[in-house]
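**Q** just a sequence and a predicted model for now, questions to come.
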Amino acid sequence: MHKTMKQEIFELIENTALTGNVSRLRLRGDVSAITVPGQFVQVQIEGLYLRRPFSVCDRDENSFTVLYENVGAGTDILHTMAFGSKLDVLTGLGNGFDVCRCGDTPLLIGGGTGISPLYWLAKKLLNTGKAPTALLGFNTADDVFYADEFEALGIHTIITTADGSRGLKGFVTEAMKLPHSCFYACGPEEMLRAVCKASPMPGQLSLDRRMGCGFGACMGCTVITRNGPMRICKEGPVLDREEIIWED
């Protein structure tokens, strides 16, 4: 089901560093088009031609939150923006997670900033009476963020780090032996591939691709699936695991 896209001016009301290179941004304005966890927004940054896409981490009645990694020209500028700054934003983009298609014990698997859309998803799942577990993967203890926020929801939260400096040592797939009725995952593509290999259960994946327009016109983020070509910005970014063709 496709959503309604809106273009609105939002006011920056928070821009807080969470780690050395990950920050939380909160923008206030008309959030009526942001309806489903897993959707994303496109932010226009002054001086740059293409908008920057960000997954929605959380939403309330008059604001939304994104978590972003400072990795390039756009986020370099975003990182310096102050309280009260105005930003032109496209909202209501993409199709999100289906909270009704899973069983009662879903596993939420996030790698790095891929944990962002899983936070709002966790809240939605709790509201429907489900009991999710969060499995969050990072490289080192210094990279860990939002673990406290997941735990504050009252859900079982497991941290893995590649070097073992916090939580379980290794990758998220090594902690996936927990019983689960399905999984929702977002993170690097190699992680998503490994997650699908590690679990036979139904699942939904949020995929990341470079985007031009962000709303399906340019076809630049098209991938070939078992159901034909799909645009990650339009038919995605969330796809069922059965739809995805993994290249060798």
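**A** Thanks, I have it.
**Q** spit out the contact partners of C100.
**A** T128 (Cβ atoms under 8 Å, 6 or more residues apart in numbering). To be clear about C-beta, it is placed using only N, CA and C from the backbone, and glycine gets the same treatment.
**Q** where does the protein have its least confident helix or strand?
**A** Sorting the helices and strands of the chain by mean pLDDT, DSSP states H and E puts strand 222-225 at the bottom, at a mean of 88.
**Q** can you spell out which helices and strands pack onto that one?
**A** Judged by 3 or more Cβ pairs under 8 Å, 6 or more residues apart in numbering; DSSP states H and E, strand 222-225 is in contact with strand 228-231.
**Q** follow-up on the earlier one: for the least confident helix or strand of the chain, buried residues please.
**A** T222, V223, T225 (16 or more other Cβ atoms under 10 Å).
**Q** residues in contact with that strand?
**A** Here strand 222-225 makes contact (Cβ under 8 Å, 6+ apart) with L207, R209, P229, M230, R231, I232, G236, L239, E243, I244, I245.
**Q** could you dump these to JSON lines with pLDDT and distance to E46?
**A** As requested, these are exported to JSON lines (pLDDT from 0 to 100; distance: Cβ to Cβ, whole Å):
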{"residue": "L207", "pLDDT": "91", "distance to E46": "29"}
{"residue": "R209", "pLDDT": "80", "distance to E46": "25"}
{"residue": "P229", "pLDDT": "89", "distance to E46": "34"}
{"residue": "M230", "pLDDT": "89", "distance to E46": "32"}
{"residue": "R231", "pLDDT": "91", "distance to E46": "27"}
{"residue": "I232", "pLDDT": "89", "distance to E46": "26"}
{"residue": "G236", "pLDDT": "82", "distance to E46": "28"}
{"residue": "L239", "pLDDT": "95", "distance to E46": "33"}
{"residue": "E243", "pLDDT": "93", "distance to E46": "37"}
{"residue": "I244", "pLDDT": "92", "distance to E46": "36"}
{"residue": "I245", "pLDDT": "89", "distance to E46": "39"}
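**Q** so how do I select the buried members of the residues you listed in ChimeraX?
**A** Selection of the buried residues among these in ChimeraX, burial being defined by 16+ other Cβ under 10 Å:
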select :207,230,231,232,236,239,243,244
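**Q** ok, of the contacts of strand 222-225, which one's closest to G137?
**A** Taking Cβ to Cβ as the measure, G137 lies nearest L207 of these, at 17.0 Å.
**Q** rewinding a little: now the contacts of strand 222-225 as a markdown table including distance to R59?
**A** Below are the contacts of strand 222-225 laid out as a markdown table (distance: Cβ to Cβ, whole Å):
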| residue | distance to R59 |
| --- | --- |
| L207 | 21 |
| R209 | 23 |
| P229 | 30 |
| M230 | 25 |
| R231 | 23 |
| I232 | 21 |
| G236 | 19 |
| L239 | 22 |
| E243 | 26 |
| I244 | 27 |
| I245 | 32 |
